[in-house]
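Q: the amino acid sequence is not available; the structure is as follows:
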């Protein structure tokens, strides 16, 4: 179904892929992984015909998908055989209703209204969005947008489906729903699937084979369990060890704290705060306090209100009722007092180089420190990319650039909204080590994520949201840790612990 031979791709003076060869047979699932910036997304663009038909690049070798030479076929024809879901789901969405978004592709195939409606209903149910057909996609959470983009691709019933990190922004129900849908598609339609993933445990039961890329080359290929059972390989390329624990909902993993914090002066306090969009509240009656030195995780399913709470905390949306107090009532200075990393890093990148991006805030506030600037670049592993345009980077590299631009100002509170997108485990550890250093100096960290491993390893406090309200404020349940030996054996970080860069 997919046959790639000696594929080399070059952007101007940069080689993105070098002599890549592999096969995927009908109905198989191939997982591609590797360090951030290794060439995975470039390979996606080749498989879907975007390179070289839309994105200019010098290409050599042969690429056949569903018996078609996609490097010479118009993308309008390729799209009828190959479906794709990119890392940034917003790039897919342009309709005003969820159902219209999913129906757009099938209608353009000339299908009957009855067939289109059946496909829309099935695709929305498959990804867990069947209750939102009339919702405006712009009002969805990041995870819900991801599922909508997947539903739009599924509705086309392609022969080959290529998904670039489809679970990165999904909660447990969303991940389970998507994986189940893909499994059914393989069984019922012999769908061939290519998955780009860093979260390998989630796709374990789908995968037949795995391809590991590094610096544009294939460094390992073979059966999923065989390749990813090689711990030396995982350490060498900063990959996660795919654990075998089943996904569990957050309420089963957490327990409330018996006593609230006795610290006297919170840095940030929500008092009965409600906030939302267009006159509709997305979070309701929030009462929270964040203290210096805390490392907290904010968790919950897609659409629970986590990003809205973060925007309210950063002062980017106004409360509809209640109050937000910073440092006993002072008005926070953007960036200097509260820094927010958005889900989509492209939303906060605008300069012509990585170097300028990270220096912009400190220079704007006249607090630029050359030594800290160099350290910030190094912590985010961006020294070799300092002269690159942010728009030319991979999503993972863009995410590191956006976070580094936040940390360059040494803010008093750091909020990260899903920082795992596009990140291999090694780079994620490096970023978290930077945060831990700030945390040890008294800077509170609020981490918004669906990532169990990240929460377990770093968070001292876990806040669970549901339907716009705080459901629980506590920590990981020790009883659950004992029932999940592989997770429990993974070393838990404290503010005094160093990060082991080789741990996977």
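A: That came in fine, so what should we check first? Quick caveat, the model's predicted, so the values are computed rather than measured.

Q: now the helices for the stretch 101-250 of the chain?
A: Secondary structure of the stretch 101-250 of the chain (DSSP state H, counting those that start in this stretch): helices at 113-126, 142-154, 172-189, 224-227, 231-237, 250-253.

Q: in a markdown table: these, plus mean pLDDT and mean neighbour count.
A: For glycine as for every other residue, the C-beta is placed from the backbone atoms N, C-alpha and C. Formatted as a markdown table, those follow (pLDDT from 0 to 100; neighbours: other CB atoms under 10 Å):
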| stretch | mean pLDDT | mean neighbour count |
| --- | --- | --- |
| helix 113-126 | 93 | 17 |
| helix 142-154 | 84 | 27 |
| helix 172-189 | 80 | 18 |
| helix 224-227 | 89 | 16 |
| helix 231-237 | 88 | 16 |
| helix 250-253 | 83 | 17 |
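
Q: output these as JSON lines; include the columns distance to residue 209.
A: Output for those, formatted as JSON lines (distance: least, CB to CB, whole Å):
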{"stretch": "helix 113-126", "distance to residue 209": "24"}
{"stretch": "helix 142-154", "distance to residue 209": "21"}
{"stretch": "helix 172-189", "distance to residue 209": "14"}
{"stretch": "helix 224-227", "distance to residue 209": "6"}
{"stretch": "helix 231-237", "distance to residue 209": "15"}
{"stretch": "helix 250-253", "distance to residue 209": "32"}
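
Q: residue 436: which of these is closest?
A: helix 231-237 (20.6 Å; CB to CB).

Q: so what touches the closest one?
A: Residues from elsewhere that reach helix 231-237 (CB atoms under 8 Å, 6 or more residues apart in numbering): 34-35, 212, 214, 219-220, 227-228, 239-241, 424, 426, 502, 504.

Q: how far off centre is stretch 323-333?
A: Taking CA atoms, centre = their mean, to the nearest Å, one finds stretch 323-333 lying 30 Å from the centre of the chain it belongs to.

Q: what mean pLDDT does it get?
A: Mean pLDDT, computed over stretch 323-333, is 83.

Q: same deal with stretch 38-52?
A: Per-residue scores along stretch 38-52 average to 91.

Q: so, low pLDDT: which residues of the protein?
A: The model of the chain has pLDDT under 70 over residues 142, 243-247, 259-263, 422, 480-504.

Q: quick check, central residue of it?
A: Centrality entry for the chain: nearest residue to the mean C-alpha point is residue 421, 2.7 Å, by CA atoms, centre = their mean.

Q: please name the nearest non-neighbouring residue to that one.
A: Spatially, and ignoring its direct neighbours in sequence, residue 421 is nearest to residue 168 (4.9 Å; CB to CB, 6 or more residues apart in numbering).

Q: right, and the one you found touches residue 423 too?
A: No. Residue 168 lies out of contact with residue 423 (CB atoms under 8 Å); the separation is 9.0 Å.

Q: which neighbours do the two have in common?
A: By CB under 8 Å, 6+ apart, the residues touching both residue 168 and residue 423 are residue 198.

Q: restricted to buried residues, select the contacts of helix 231-237 in ChimeraX.
A: Buried residues among the contacts of helix 231-237 (16 or more other CB atoms under 10 Å), as a ChimeraX selection:
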select :34,35,212,214,219,220,227,228,239,240,241,424,426,504
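
Q: farthest pair within the contacts of helix 231-237?
A: Across the contacts of helix 231-237, the longest distance by CB to CB is 18.6 Å; it joins 227 and 502.

Q: closest to residue 456 among the contacts of helix 231-237?
A: Using CB to CB, the contacts of helix 231-237 come closest to residue 456 at residue 240, 13.0 Å.

Q: what number of residues lie near residue 323?
A: Using other CB atoms under 10 Å, residue 323 has 11 other residues around it.

Q: next, the buried residues of the one helix or strand it maps to.
A: For residue 323, the host element (DSSP states H and E) is strand 321-326. By 16+ other CB under 10 Å, the buried positions in strand 321-326 come out as 322, 324-326.

Q: how far does it sit from the chain's center?
A: Relative to where its chain is centred, strand 321-326 has its mean C-alpha point 30 Å off (CA atoms, centre = their mean).

Q: one more: stretch 228-243?
A: 20 Å.

Q: please apply the same query to stretch 291-301.
A: On CA atoms, centre = their mean, the centre of stretch 291-301 falls 18 Å from the chain's centre.

Q: run through who's touching that stretch.
A: Residues from elsewhere that reach stretch 291-301 (CB under 8 Å, 6+ apart): 143, 171-174, 250, 261, 263, 265-267, 290, 306, 309-310, 435-436, 439, 442-450, 454-455, 458-466, 471, 495.
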